[in-house]
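Asks: sharing a model prediction with you, sequence too.
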Amino acid sequence: MSIIAPSILSADFTKLGQELKDVETAGADWIHIDVMDGHFVPNISYGPIIVEACKKATSLILDVHLMIEKPDLMIPQFAKAGADLISVHAEACPHLHRTIQLIKSIECARYKNSENRANTNIKAGVALNPATPLSAVEWIIDEIDFILIMSVNPGFGGQTFIESTIQKIKELSAMIQNSGSNAIIQVDGGVGLETIGKIAEAGASSFVAGSAIFKTDDYKATIKMLRDKACLVDETLA
Ligand code: DX5
Ligand code: ZN
């Protein structure tokens, strides 16, 4: 399974609606929305109103990555705006278990009227900065839907992939298997044609790519190439 999630941080904001439609047509799976508060990370991006705008422009899953302090205060607003998945940083959550329970307790707007789904709530992820050890998720791994491994220091698009991430993904993959958790691994930062193969091989299945997609002219060709490189590994391992 390979989930390609374009990060709108690198999109052209003068035509965000069109950019969203274009990546949807091009075969993207999720839309990754990087929320930055200028405190947890040294940059400010956007808040719930952009999530709401994305919801109107695309039917894809909205994957909201909160790089903010005190996320508990904002989670209900992002949920209301249309988030399907919400990830918070372990480094920003002194009561991570409580924060995860909060996310998972909120009904997802997409599934509100669906009768044939066992779980209609928002899915929860925990993000880890490059220097944060995997032990930060060890005691919550059964509670979460995904772990977001940052492969750059969060705050900006277009940075170089940090190579030690590969070993970290491999160890996380083993940790997930040993625990019996259903969590999947998402990788964010410096994901592109050069790196996606080894990231997939290490055990990730959700790939966030900002500049690697939005800075190209042909989104469809790029997403296909990214998926092919990730799936090639899927097939080799099968
Ligand atoms: C970094 C963000 C990433 C970023 C990825 O703080 O979380 O999602 O947009 O950008 P690229 O793919 O350009 O490294
Ligand atoms: Zn992100």
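Replies: Happy to help now that I have it. Numbers count the residues shown, from 1 in each chain. Ligands and ions are numbered 1, 2, ... in the order given.

Asks: so where's the chain uncertain?
Replies: 234-238 (pLDDT under 70).

Asks: residues from it in reach of ligand 2?
Replies: Contact residues (CB under 5 Å from the ion) of the chain with ligand 2: Asp34, His65, Asp188. Where C-beta positions appear, they are placed from N, C-alpha and C, glycine not excepted.

Asks: what's the single longest helix in the chain?
Replies: Ordering each helix of the chain by length in residues (DSSP state H) puts helix 219-237 first.

Asks: just how off-centre is that helix within its chain?
Replies: Put simply, helix 219-237 sits 18 Å off its chain's centre (CA atoms, centre = their mean, to the nearest Å).

Asks: now His65, which residues is it bridged with?
Replies: Beta-bridge partners of His65, counted by DSSP bridges, are Asp34, Ser87.

Asks: next, the contact list for Ile50, please.
Replies: By CB atoms under 8 Å, 6 or more residues apart in numbering, Ile50 lies in contact with Ile8, Leu16, Ile33.

Asks: ligand 2: which of those is nearest?
Replies: Nearest to ligand 2, judged by CB to the ion, of those is Ile33 at 8.0 Å.

Asks: please name the nearest non-neighbouring residue to the closest one.
Replies: Once flanking residues are discounted, Ile33 sits nearest to Val64: 4.8 Å by CB to CB, 6 or more residues apart in numbering.

Asks: how many residues are close by that neighbour?
Replies: Neighbours of Val64 under the rule other CB atoms under 10 Å: 28.

Asks: that one and Val88 touch, don't they?
Replies: No: between Val64 and Val88 there is no contact under CB atoms under 8 Å: 9.7 Å.

Asks: and the spatially closest residue to Ala202 that is not a sequence neighbour, helix, strand or coil?
Replies: Nearest residue to Ala202, sequence neighbours excluded (CB to CB, 6+ apart): Ile169, at 3.8 Å. Here Ile169 is helix, with the state taken from DSSP: H, G, I helix; E, B strand; the rest coil.
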